[in-house]
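# Provide a 3D model corresponding to the input given below.
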Amino acid sequence: MRTPATPEAAPSLPGQRAASARPPAAERLPWVHGWHAALVAVPTAALFVLGYRRRWICDDGLIYLRPVRQILAGNGPVFNVGERAESSTGTLWQWLLVLATRVTGEDPAFLAVGLGLALSTAGFAFALFATCRLHRGAGVLLPAGVFVLLAVPPFWSYMTSGLESGLGAFWTGLSWWLLTRTRRGQEARETYRAAFVFGLGPLVRPDLAVVTACFLAAQWWVLRPSRRGTVAVLASAGAVPLAYEVFRAGYYGVLVPLPAIAKEAGASDWSRGAGYVQETLGPYWLWPVVPVLGALAALLVRRARRQRRERAPRRASLAVLLAPLAAGLLLAGYVVRVGGDYMHARMILPALLLLLLPVLVVPATRFTGVASALLAVWLCAAVSPLRTPFDVRSTPGSFNVRSSDVEGLGDHNPVRTATWVANWPALPEGRAMLARAERAPGPTLLYFDAARRLHATPARADSPYRVVIVGRHLGVTGAAAPLDAYVNDAWGLASPIGAHLALERWSWPGHEKFLRNHWVFAEWAAKHPPRRDLLRAGAPPEAVEAARAALGCGELAELRESVRAPLTAERFWRNLTGAVERTRFRFARWPAAAQQALCDRPAGGRSGLTR
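This is a model prediction of the structure:
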């Protein structure tokens, strides 16, 4: 790394650290170090206890487990055998669960809960320690933003849940710790190590790419490396994500995980997104806290700018201070733009954590002392009986998934796959139908009618699966179904066909696309299904025939080939080179319209690709 010869960079020899000035008198007092250690240890321990008390795994968390089981069974990173579909949004989380399950032999659901709790706790500890380090030259520190973590129950709930949230909190805290360690003159190896960690963001969750970009930009601004050093940093950050992206495009045939396509991660619904934020901030009395924390952040920025002008030793870099604030605002803006999520508060929590990072603790002054006291009073009020317990199931925009799961399962801490399979209310009928289908003389399709009752009909004779079952609750259905059965996801999270339906805005956020039975019957049912089954399914014969024709035409036929044809070198290359267009491809949800767009067009005409 090239180190410019500036007064603040001395000593300027590569690999040599800058000498630190003598700490302030307040920092040399014996009790100060103990107080700062307590600022990290006490909230971290409290968060661990709170997360442990609310430990659980949700249905969406169970979605990760079927690919984990498929990988360990030798079937590859797929949801269904013979179909290359990436149902896991968090790539690193999926492979971490594979490793943990392989090593321990434990139930992957139980491991997902335990790992999530451990990683999120470690992430909060890293975050607190890093913020203390950021302000280490300012003497005594006071708690501030950390009170929000202790007051908002969704932070505790998503320390587990089986989702990638725990890993996301760990990556955020670790990245923040590495960023606050960035100093001119540091060893190149340390710089590249930090850049490598920053670069893992898109593999933790794709939307964390904005955090990666902001942290890398702050690191570059602090270090000001040469052109060669910049290339080396970017190579360290991008090597693994880019390599995996090539694998994803060639193996799955698209550029993003299927949930990003099914939930239309590039769409816009600003009003619904604003409502989603309100449903997070309002019930937990966060609005009064926003101006206090905003004032603290502005004060820290002003202080950093003043120290920058004065070239004060041990100063907090302005770029480092601004990086998580910029990343948090961008991430929050993205969540608002796409319309939020159906799971209460889940999508906005990473942005909120980023915005809190610089102000988790703050230097002690008269102003910050008053602010810290006000926040402490707010914490006591927010967790007291004064605040009415909030149940977001009564709102139109999001859903209190944990409360619903606990109520449905009759278990305050559902942490094992067996708990879900044994107790989920919708499953007894499904298990009975699965047993019946396995005893049937031929392949069987299990489908739902309009009243959500499960029925069986003969599947096509050449079906590669003994049982095809439509999954409305994809996680628990995938957990209950054998690995060699085909689980046809109704919402498109694991279905290449369903994910590429044209956007249909209705119902819960992220659940606008619904694969209707005429598509399911067209692909899996016998050529001439019993009339009673067509009536139950709400699938007129003409609609089924139109859907069957559309499935064999144009880009839709090629899409099916990209995920089901044997993965030869030629197929990998075709998937790779066509990944952009395939990712953008959408087709009409009504069979007649899809058939007309895909099949009934002039020779050489373009098919019904839509955005």
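
# how close does the residue nearest to L409 when sequence neighbours are not counted sit to V68?
Spatial nearest neighbour of L409, chain neighbours left out: N423 (4.6 Å); criterion: CB to CB, 6 or more residues apart in numbering. For the C-beta atoms, the positions are set from N, CA and C on the backbone; glycine is no exception. For N423, the distance to V68 equals 22 Å [CB to CB, to the nearest Å].

# What of T191?
With CB to CB as the criterion, T191 and V68 are 34 Å apart.

# Same check on V338?
Taking CB to CB, one finds V338 at 27 Å from V68.

# go on, M433?
M433 is 25 Å from V68, by CB to CB.

# what about the residue nearest to L409, how many residues close to it?
15 (other CB atoms under 10 Å).

# Wait, it touches D411, no?
Yes. N423 lies in contact with D411 (CB atoms under 8 Å); the separation is 6.8 Å.

# what's the pLDDT at G369?
Per-residue pLDDT puts G369 at 96.

# One more: F155?
F155 is given a pLDDT of 96.

# Over to V563?
pLDDT, V563: 97.

# Kindly report the same for M159.
pLDDT, read off for M159, is 97.

# burial of the closest residue to it other than its chain neighbours, as a residue count?
Using CB to CB, 6+ apart and skipping residues adjacent in sequence, the residue nearest M159 is G51, 3.3 Å away. G51 has 24 neighbours, counted by other CB under 10 Å.

# Also F196?
17.

# average pLDDT for the helix or strand containing V487?
Using DSSP states H and E, the element containing V487 is strand 486-489. Per-residue pLDDT over strand 486-489 has a mean of 94.

# strand partners of that strand, parallel vs antiparallel please.
Using DSSP bridges, the strands paired with strand 486-489 are strand 467-471 (parallel).

# Give me the helices and strands touching the helix or strand following the partner strand, please.
Once the chain leaves strand 467-471, the next helix or strand it forms, by DSSP H and E, is helix 474-480. Here helix 474-480 touches helix 59-63, helix 65-72, helix 417-423, helix 427-439, strand 467-471, strand 486-489, going by 3 or more CB pairs under 8 Å, 6 or more residues apart in numbering; DSSP states H and E.

# Tell me which of these sits nearest to L39.
helix 59-63 (31.7 Å; CB to CB).

# Pull out the buried positions in the closest one.
Buried residues in helix 59-63, defined by neighbour count with 16 or more other CB atoms under 10 Å: D59, D60, G61, L62, I63.

# Output those residues in JSON lines; the columns should cover distance to P259.
Formatted as JSON lines, these follow (distance: CB to CB, whole Å):
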{"residue": "D59", "distance to P259": "13"}
{"residue": "D60", "distance to P259": "9"}
{"residue": "G61", "distance to P259": "13"}
{"residue": "L62", "distance to P259": "14"}
{"residue": "I63", "distance to P259": "9"}
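
# Quick one: end-to-end length of stretch 530-547, please.
End-to-end distance for stretch 530-547: 17 Å, by CA to CA, to the nearest Å.

# Number the chain from 36, please
Got it, first residue is 36 now, which makes that one stretch 565-582.

# Ends of stretch 314-334, what's the gap?
28 Å.

# which residues are in contact with the lowest-mean-pLDDT helix or strand in the chain?
When each helix and strand of the chain is scored by mean pLDDT, DSSP states H and E, helix 462-474 comes last, with a mean of 79. Contact with helix 462-474 is made by 455-456, 479, 481, 488-491, 501-502, 504, 511-512, 515-516, 520, as judged by CB atoms under 8 Å, 6 or more residues apart in numbering.

# Would you write a ChimeraX line that selects the buried entries of those?
Selecting only the buried entries of these in ChimeraX, with 16+ other CB under 10 Å as the criterion:
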select :455,456,479,481,489,491,501,502,504,511,512,515,516,520
